[in-house]
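Asks: A predicted structure for the sequence below; I have some questions about it.
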Amino acid sequence: MEDKNKQPVDVDIDEVNDNQENVIEEVTEEIIEDETLKEYPMIPLRGLSVFPNMVLHFDIGREKSINALEKAMVMNQHIFLVSQKDDNTDLPTPEDFYHVGTVGKIKQMLKLPGDSIRVLVEGVCRGRIEEILFEVPYFKCKVRILEEADATAEDPEAEALMRTVLSSFDEYININQNLSPEVFASVVTIEDPGRMADMIGSHMEIRLEDKQQLLEILDPKERLEKLNEILIREIEILNIEQDISSKVKSQINKNQREYYLREQMRAIQEELGVTEDVEDEIAGFREQLDALELSDKTKEKIEKEISRFSKMQPSSAEATVSRNYIETILSLPWNKSSEDNIDLNKAQEILNEDHYGLDKVKERVLEYLAVIRLSEAIKGPILCLVGPPGVGKTSIARSVARSINREFVRMALGGVRDEAEIRGHRRTYIGAIPGRIISAIKDSGVNNPVFLFDEVDKIGADYKGDPASALLEVLDPEQNKDFTDHYLEVPFDLSKVMFITTANTTDTIPGPLLDRMEVIEVSGYTEEEKLNIAEKYLVPKQIKENGLAAKNISFTEKGIRDLINYYTRESGVRNLEREIGNICRKVARNVVCGDDKKVSVTGKKVVDFLGKHKFRYDTIKGETEVGVTTGLAWTRVGGDTLFIETTAVPGSGKLVLTGQLGDVMQESAKAGVSYIRSAAGRLKIDEDFYKKCDLHIHIPEGAVPKDGPSAGVTMCTAIISTLTDIPVRKDVAMTGEITLRGKVLPVGGIREKVLAAHRAGIRKVLLPKENEADIQDIPEAVRNDMEFVLIKNVNDALKQVLVKDTKHENQ
């Protein structure tokens, strides 16, 4: 139907009529030379299409439409009818309606209550708007009368199409209960193909866009083809609807049968005196609710759910869902908290007892606890412990909880891809449960535990949502006091929870999430630190866990050092503990078999128990070589030395890079070659070297991906050594990135890199000048045993590593 509510118009119609009457009459009476071009008042219809030879009625109420209708009645009772594209548009403009419509003749009009008019019209012919003459006080336009292509029922193709359409329409009527069989009887007698298509299209319950397509097609045969496509699609949809309706009806019958059987069962139970204590259960729920100190809104929500549950059949599926929800929400620790006992001396004692070293981390944790004690609130940055695996990030969080007498809760985020893991499932889903945060707090029994989000850098995201974005609310002290789980549908206060997160790297943590956290770097352990940790913590722990005693086994310092250097390669001590446990199990087996002789685990015994060495650390051996330099790299398992080999062979100037180099290292190599080309004269290198030879840069251990801005100066030095045929000292390691001007830029991971060099027997390291402050982070024992040379450019590095004086001038 068209408009049913009259909308006000800003223009004063009477004033416009007075001022423009002569103009309108002149336009109306204008003689048009083209007989197919005529002028008509126009009415945009909402949700309605009119076809030629079609008689129908509709109501109008908009002022413009009433003015157009009155003007058409004064003239020749002809009016142009088009369809609006959007039914919700009350004041349409020319862009809001289709420009192909139907010229209609007004048969009858009847005024209805409410200033609306019911109009009976008959479609005459198709037309297309060529020009909008004016829009106020009504739409008036020039309309091109559209002539249809010739087609008769005698045309075999047209007749075949008519039969096909009639067959499909007959099937459509049989399926669609809204159309009577008399409609088909009125259509089957039509012999004109175009008129048949229009008549069928007008009776079908299809989208307005489909009817408009039929109206715009002038070729009758093409119109029949389009109509047949629409009929086939609608028949398929109706068949699907019938299948769905049949299934729903079957399910309803099944539910009625189950309800009847349950009522019978309940009556039998009452006769036997066996009754469900549902009333007692509901009373218990209300007692628990009254005991909780909740907000009025939350209490009202729970009370409403209890009332719903009381009206359900106890054995129904809906009652089970409702019961689970009520039990979950009432079992949450809304008002129960652990009593804080923040004693900094005790906290420091516990941290030292559980962890060796990590002085900076312990200091920052103690500062954090001191602020909490003074402010009596946890508002502030969320601590994020970042470091390689096995350095004790999780155990630090556990120690924090123990030091302040709070419950400890851990949630691993590695591989979490579903937002529902954080926020929970909505109860509309079958098997819905709360999110893991609410579930963990429920299990802890208090509303202020120490909550650890482990591996926050390994959160994923897919079509189910972005868990990292959901964590923004959880980790924001200004927002988490009203955290709403999708399952609970009521806010729960997380502001009392002490959140701590861990990560191996910050590179994969989304920026907004990282911004809410304070990053504390937990670096890897030195060999000496690992030795102390093993002697004080790991060895006693594994001896006890494997049922041994001090009389059965002991570890020498040499044995532990061999375990550290040749059987593990890590920044932490996780694999070291695993290997110690492996030895303890072998000794336990011998004890059970009767060999109770005490075993002293020396370096030789380690090989006997664990076999040949699993790892080797690069050590400085052999003579100095041309084109081989020693670099330093930082990986997630700590620092490592990096031997870079370069060779030049006759060729056309190609640069070959092998050894699984990442994009950054490849760019560093190219930058180094460009620098050497620009400084070839000063370096006494053939300026045409890039035309005469190919350079091949290779980094051994190619199975390990290598990337990062740290090997630029190392690769550049190796290439210069190759092109000048000057050997490079093997006992000097270097790190730093270079520019095209040969300057050495600062890099990260200095502590881990220097430790790797020290472990490999290197006692001289070249570092970028701007990394001078990082030397203080290196353990004092290592720092005193090594020589550090600060370099500003490549020439400084060449002076230190080339075996003979290159006599290059300063750059």
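Replies: Yep, it's here.
Asks: other SSEs contacting the biggest helix by length in the chain?
Replies: Longest among the helix segments of the chain by residue count, using DSSP state H, is helix 220-272. Using 3 or more Cβ pairs under 8 Å, 6 or more residues apart in numbering; DSSP states H and E as the contact test, the elements touching helix 220-272 are helix 156-175, helix 193-203, helix 208-216. (C-beta placed from N, C-alpha, C; glycine too.)
Asks: can you check which of the ones you listed gets nearest to residue 697?
Replies: Closest to residue 697 of the helices and strands packed on helix 220-272 is helix 208-216 (Cβ to Cβ; 63.2 Å).
Asks: what angle separates that closest one from helix 220-272?
Replies: Using axes from the mean of the first three to the mean of the last three Cα atoms, to 10 degrees, the inter-axis angle of helix 208-216 relative to helix 220-272 is 160 degrees.
Asks: how far away is residue 316 from residue 267?
Replies: 17 Å (Cβ to Cβ, to the nearest Å).
Asks: distance to residue 607 and mean neighbour count added to the helices and strands packed on helix 220-272, as JSON lines?
Replies: Shown next, in JSON lines, are the helices and strands packed on helix 220-272 (distance: least, Cβ to Cβ, whole Å; neighbours: other Cβ atoms under 10 Å):
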{"stretch": "helix 156-175", "distance to residue 607": "83", "mean neighbour count": "17"}
{"stretch": "helix 193-203", "distance to residue 607": "90", "mean neighbour count": "23"}
{"stretch": "helix 208-216", "distance to residue 607": "81", "mean neighbour count": "18"}
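Asks: any chance of the ones you listed in a markdown table, plus mean pLDDT?
Replies: Below are the helices and strands packed on helix 220-272 laid out as a markdown table (pLDDT from 0 to 100):
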| stretch | mean pLDDT |
| --- | --- |
| helix 156-175 | 86 |
| helix 193-203 | 86 |
| helix 208-216 | 87 |
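Asks: end-to-end on stretch 349-363?
Replies: Length of stretch 349-363, first residue to last, Cα to Cα, to the nearest Å: 12 Å.
Asks: please apply the same query to stretch 716-733.
Replies: 13 Å.
Asks: pull out the buried positions in it.
Replies: By 16 or more other Cβ atoms under 10 Å, the buried positions in stretch 716-733 come out as 716-724, 726-728, 730, 732-733.
Asks: so for residue 201, what's the nearest residue that isn't a sequence neighbour?
Replies: Taking Cβ to Cβ, 6 or more residues apart in numbering, and ignoring the residues beside it in sequence, residue 201 has residue 214 as its nearest neighbour in space, at 4.4 Å.
Asks: touching, the one you found and residue 198? I think so.
Replies: Yes. Using Cβ atoms under 8 Å, residue 214 makes contact with residue 198 at a distance of 7.3 Å.
Asks: give me the common contacts of these two.
Replies: 51, 223 (Cβ atoms under 8 Å, 6 or more residues apart in numbering).
Asks: can you give the contact residues for stretch 72-91?
Replies: Under Cβ under 8 Å, 6+ apart, the answer for stretch 72-91 is 7, 9, 28, 40-50, 62, 68-69, 92, 96-106, 109, 121, 123-124, 127, 129, 141, 143, 208, 211-212.
Asks: hmm, try it at 6 Å
Replies: Contacting residues not belonging to stretch 72-91 are listed as 7, 40-47, 49-50, 92, 96-98, 101-106, 143, 208, 212 [Cβ atoms under 6 Å, 6 or more residues apart in numbering].
Asks: cool, thanks, signing off.
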